[in-house]
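Trainee: generate a structure from the sequence data that follows.
(one chain, ligands or ions: 2)
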Amino acid sequence: MVLLRCRSLTINLSPLLPSHFQSHKLHTTRLFRIPNLISLPQISASSSSLPTNNQTTTTTRSISDAARFARSVLFVPPGVDIEEITEDMVLPGSNIVIGPFAGHSQIKEVVFVKSSARARDCPKDDLPEIAILGRSNVGKSSLINCLVRKKEVALTSKKPGKTQLINHFLVNKSWYIVDLPGYGFAKVSDAAKTDWSAFTKGYFLNRDTLVSVLLLIDASVPPQKIDLDCANWLGRNNVPMTFVFTKCDKMKAAKGKRPDENIKAFQQIIRENFKQHPPWIMTSSVSGLGRDELLLHMSQLRNYWDQ
Ligand SMILES: Nc1nc2c(ncn2[C@@H]2O[C@H](COP(=O)(O)OP(=O)(O)OP(=O)(O)O)[C@@H](O)[C@H]2O)c(=O)[nH]1
Ligand SMILES: [Mg+2]
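Mentor: Ligands and ions are numbered 1, 2, ... in the order given. This is a model prediction of the structure:
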């Protein structure tokens, strides 16, 4: 029942399988809420510059005339009629519509509970949890610190591979943020990589209290195959996810593309690989961009799961 509630919040994320997965059958399930289907998202319909908090839309305009566009771009949560979406319901720097389940989102108290080496060692109190996943060094621990506004809740490091276990942080005594080991750390041995993969996959497949995964994508670099493989794996296994683009403050990189260009390129590939697109949001742990918006999104995911 818990699983059903959890899964029914998701959109159908089953990706169109990449060629090396073609032998597997597409996983489809009736647990998905068809009205929430989202597809063909774009980073921005009109602007190539990075949205900022200052660009929060204040006008309330009915977009019923653009319902087709909205349906194809936005993450529409339960309880929202797509015909009644107004611009001020869409979080800035994201495709996420805020609905009636959004509520108290600020973090008053956070307590480190435990580190677990296996899914079966994780806390067993049935509280909902949101897991933070991404490549080593993408900024998982920094994002957690930013969300809870503390410097040392989750250890950060310039050295990739700092977080090696499943770390549970109890928030407001009512839900967990889970810091997971980063994937794709080049310096770990193949054997260690396999272990990581088995143990993290075990967590995703067996953790009934997992409300959603925040899949962090580094916006300061072009799309990485390993991130796309990870998104495909989560999608194929019906694990609900939100793409959280990190390091969006890195606008002045001397070389390479700007974050908004990298995000656009990533979205383009997701569009080719997925039938529908997960919710996404731009963040920076340095400037705080997207922090409050992400917390609000997490509150609606949690509250719907927990109703
Ligand atoms: N400019 C910028 N740097 C960031 C941001 N987030 C993280 N960093 C930097 O990126 C590096 C890695 O950050 P962590 O938060 O430790 O990354 P992680 O994903 O937890 O790494 P692992 O635990 O090794 O998987 C650190 O040097 C951070 O200061 C951001 O939003 N902007
Ligand atoms: Mg970390």
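Trainee: looking at this structure, which residue is nearest ligand 1?
Mentor: In the chain, the residue that lies nearest ligand 1 is G182 (2.5 Å; Cβ to the nearest ligand atom). (C-beta placed from N, C-alpha, C; glycine too.)
Trainee: next SSE downstream of the longest strand along the chain?
Mentor: Taking DSSP state E as the criterion, the chain has its longest strand at strand 210-218. Toward the C-terminal end, the helix or strand that comes next after strand 210-218 (DSSP states H and E) is helix 225-236.
Trainee: which parts of that following helix are buried?
Mentor: For helix 225-236, burial by neighbour count (16 or more other Cβ atoms under 10 Å) applies to 227-228, 230-232, 234-236.
Trainee: quick revisit: leaving out sequence neighbours, find the closest residue to the residue of the chain closest to ligand 1.
Mentor: Spatial nearest neighbour of G182, chain neighbours left out: S136 (3.2 Å); criterion: Cβ to Cβ, 6 or more residues apart in numbering.
Trainee: re the thing from before, torsion angles phi and psi at the residue of the chain closest to ligand 1?
Mentor: The phi/psi pair for G182 (degrees, to the nearest 10) reads phi -70, psi 150.
Trainee: show the pLDDT at it.
Mentor: Looking at G182, its pLDDT stands at 80.
Trainee: low-confidence stretches in the protein?
Mentor: Along the chain, segments meeting pLDDT under 70 span 1-72, 151-164, 185-197, 252-255.
Trainee: can you give me the strands for it?
Mentor: Ranges of strands within the chain are 110-116, 129-134, 166-171, 175-179, 210-218, 241-246, 280-282, based on DSSP E.
Trainee: out of those strands, which is closest to A198?
Mentor: Proximity to A198 (Cβ to Cβ) singles out strand 166-171 among the strands of the chain, at 13.0 Å.
Trainee: direction included, what does that closest one pair up with?
Mentor: Strand 166-171 sits in its sheet next to strand 110-116 (antiparallel), strand 175-179 (antiparallel), going by DSSP bridges.
Trainee: can I assume D249 is in contact with S287?
Mentor: Yes. Using Cβ atoms under 8 Å as the test, D249 is close enough to S287 to be in contact (4.6 Å).
Trainee: so which of those two has more stuff around it?
Mentor: D249 (18 against 14; other Cβ atoms under 10 Å).
Trainee: tell me the spatial nearest neighbour of that one, not counting adjacent residues.
Mentor: S284 is the one closest to D249 (Cβ to Cβ, 6+ apart), at 3.9 Å.
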